[in-house]
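1. give me coordinates for this.
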Amino acid sequence: MYSQSLESSLAKAVADKLADKYTDCTAYLGDLTLTVPKQNIREICLALKNIPEFSFDQMMDLTAVDYLLQGVTPRFQVVYHLKSLGKAHRIRLKCSVEESDTMIDSIHDIWAAANWYERECYDMYGITFNGHPDLRRIIMYNEFEGHPLRKDYPITMEQPLVELRNIPERHHYMDKHLYRQGFEKQAENRHYIQVFPYTDRLNYCSAIINNVGYSMAVEKLFSVEVPKRAEYARVIMMEVSRIADHLTCVAASAMELGAFTFFLWFIKAREYLWELIESFTGARLTTSWSRFGGNANDFPEGFVGQLTERLQKVKEVIDEGDKLLSRNKIFIDRVKNLGVLPPEKLISYGFSGVMLRAGGIAHDLRVSEGGYSVYSDFDFEVPVGTVGDCYDRYHVRMEEMRQSIRIIEQAKDKIPDGDYQNRDRRVTIPPKSEVYGSIEGLIDHFKIIMEGHAPPKGEAYSAVEAPNGELGFYVVSDGTGRPVKVRCRPPCFNFVAAFKEMAIGRHLADLIPIFGSINMIGGELDR
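-> Numbering: from 1, shown residues only. Just a heads-up that it's a prediction; the model follows:
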């Protein structure tokens, strides 16, 4: 996603301006990482935001890594991922935090997005942020004991809700079902390939995009390329998923305002696409379709013809829905001038995707920062709004569906020959003929299945343009078959964080269209 020359020029600028503020600067796999003493974190964040050469106007993610099992000291690292919209570059900051002193300065007043991310980090790891205005749990309930993403918190530990701890014996069955493991906790206790089913459930309306996003992060660690035919298949299926996701969002938000006919039409169109996804992957929602270095299977026979037929049906439904709703006075009165934030707020909250573009900021990861996969092979437009209200968000989603169809139609007509998987033995299980026909194939199969994929020691962040914004995966490897950390940067977390500010001063009934325009997905929100 990021060019080598961009990385080098940024590293030079950092060295020129900030040399005395950090202890190490490394460039690895296209990512520039600064190791910063925790007492300097506010100073260096302010510099990276305000110095024109950097202009890091967005903090996209903040998390922590626990290195207890690796024997690394200090035990914790707080990790920040920053992005510049104008300069199209990124940087990672890492601050070590002692187990005996988990205090680090808050940066909530530098980027609004940091407020909730710091609360999440406090909740999951027990990192405390000095100067935070409201440092309390955000995912677990207030009486929860411990911090579930610490390595010494057992994955099997059950902790019932406080009010259920003293209930009668006959209800104890309930207690055993009231514990939370979550995406990251499961991922760090599984082999890399076993994480795919968990990515499905982050956003079940567009699981394939989740699959590919995670796969890209691990592929980055391995420095392995994906065959072009497999990339075309990914693009086609990701865009099919994008349309299905937008159909779901627009249909549900319209139904909540009384447009039930519109809802039925769009859910009908979504069904066309889910059946298409099932014919390719074998599943409608939770596909687990991507693989490191490629996909689980090639294009099935007759798929392109089926794709052409169903896209035409979806086009017709979108056009019908447009005529029915887009100029409907009741609908317009319910969504116009609602949920508006000024551009500087959209940026500070780390908005991305439709929520950012509806506000007039044309940033799309399929195009911006050099793009990813093979999106550069296709001609399409990035729709933007003007006001950034719920009406603009509706129109941007409607137009993005048409642009997705445009991408798919180009891709299906020039699918290249080749394999659907990279046959690098580090990432791909050998075909059955080799497993059963040669000792080398049997050994390779046995090692991957029993020991897991083992990417080189290091870390990588990779992001894709999910239907509701930047979906990022930050993966840390210690060289073994299980990840130290698999972090999901969820797009809608930032939108929900800003929901209060979007709703202040509005009527109670206005909360429904504002929340509907956010496209909040529960599995992605709290993982």
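2. quick check, E434 in contact with I443.
-> No - the criterion here is C-beta atoms under 8 Å, and E434 misses it with I443 at 10.4 Å. C-beta here means a position set from N, CA and C on the backbone, and glycine is covered the same way.
3. quick one: which of the two has more around it?
-> Neighbours were counted for E434 and for I443 using other C-beta atoms under 10 Å; E434 has more, 16 against 13.
4. name the element the closest residue to that one other than its chain neighbours belongs to?
-> The shortest distance from E434 to any residue other than its chain neighbours is 3.1 Å, reached at G441 (C-beta to C-beta, 6 or more residues apart in numbering). Using DSSP states H and E, G441 sits in helix 439-451.
5. where do the strands of the stretch 251-400 of the chain begin and end?
-> 290-291, 294-295 (DSSP state E, counting those that start in this stretch).
6. what is the first one packed up against?
-> In this case it means strand 290-291. If contacts are counted by 3 or more C-beta pairs under 8 Å, 6 or more residues apart in numbering; DSSP states H and E, strand 290-291 sits against helix 207-222.
7. other SSEs contacting the helix it packs on?
-> Using 3+ C-beta pairs under 8 Å, 6+ apart: helix 207-222 touches helix 196-200, helix 228-255, strand 290-291, strand 458-466, strand 469-477.
8. pLDDT of the last one, averaged?
-> Spelled out, that is strand 469-477. For strand 469-477, mean pLDDT is 96.
9. using CSV, write out every CA atom in whichever helix or strand comes after it.
-> Next helix or strand after strand 469-477 toward the C-terminus (DSSP H and E): strand 485-489. Taking Å, rounded to 0.1, in the frame of the first residue of the first chain, the C-alpha atoms of strand 485-489 are listed here in CSV:
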residue,chain,number,x,y,z
LYS,A,485,-1.5,-10.3,18.8
VAL,A,486,-4.1,-9.9,16.1
ARG,A,487,-5.7,-6.5,16.5
CYS,A,488,-8.8,-5.5,14.5
ARG,A,489,-9.2,-1.7,13.9
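10. domains of the chain?
-> Listed by automatic domain parsing, the domain ranges of the chain are 4-152, 188-423+457-526.
11. buried deepest among those, which one?
-> domain 188-423+457-526 (a mean of 20; mean count of other C-beta atoms under 10 Å).
12. return the residues in contact with the one residue sitting closest to the centre of the chain.
-> Nearest to the mean C-alpha position of the chain, counting by C-alpha atoms, centre = their mean, stands L471 at 1.9 Å. L471 is in contact with 202-203, 209-210, 213, 463-465, 488-491, 524, counting by C-beta atoms under 8 Å, 6 or more residues apart in numbering.
13. D101: which of those residues is nearest?
-> Closest approach to D101 among the contacts of L471 (C-beta to C-beta): R489, at 27.0 Å.
14. report the separation between the nearest residue to that closest one once chain neighbours are set aside and F331.
-> In space, and not counting its chain neighbours, R489 is closest to G472: 3.4 Å by C-beta to C-beta, 6+ apart. Counting by C-beta to C-beta, to the nearest Å, the separation of G472 from F331 is 34 Å.
15. where along the stretch 1-150 of the chain do the helices fall?
-> 4-18, 41-50, 114-125 (DSSP state H, counting those that start in this stretch).
16. make JSON lines from those helices and add mean pLDDT to it.
-> Below are the helices of the stretch 1-150 of the chain laid out as JSON lines (pLDDT from 0 to 100):
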{"stretch": "helix 4-18", "mean pLDDT": "80"}
{"stretch": "helix 41-50", "mean pLDDT": "96"}
{"stretch": "helix 114-125", "mean pLDDT": "97"}
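17. hmm, back to that, which strands or helices does the helix holding G441 pack on?
-> Short answer (3+ C-beta pairs under 8 Å, 6+ apart): helix 439-451 packs on helix 432-437.
18. could you dump the helix it packs on to CSV, C-alpha only?
-> This file holds the C-alpha atoms of helix 432-437, laid out as CSV (Å, rounded to 0.1, in the frame of the first residue of the first chain):
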residue,chain,number,x,y,z
LYS,A,432,-3.6,-34.0,-1.8
SER,A,433,-1.8,-35.7,-4.6
GLU,A,434,1.5,-34.6,-3.1
VAL,A,435,0.5,-35.3,0.4
TYR,A,436,-0.4,-38.9,-0.4
GLY,A,437,2.3,-39.3,-3.1
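19. thank you kindly, that will do.
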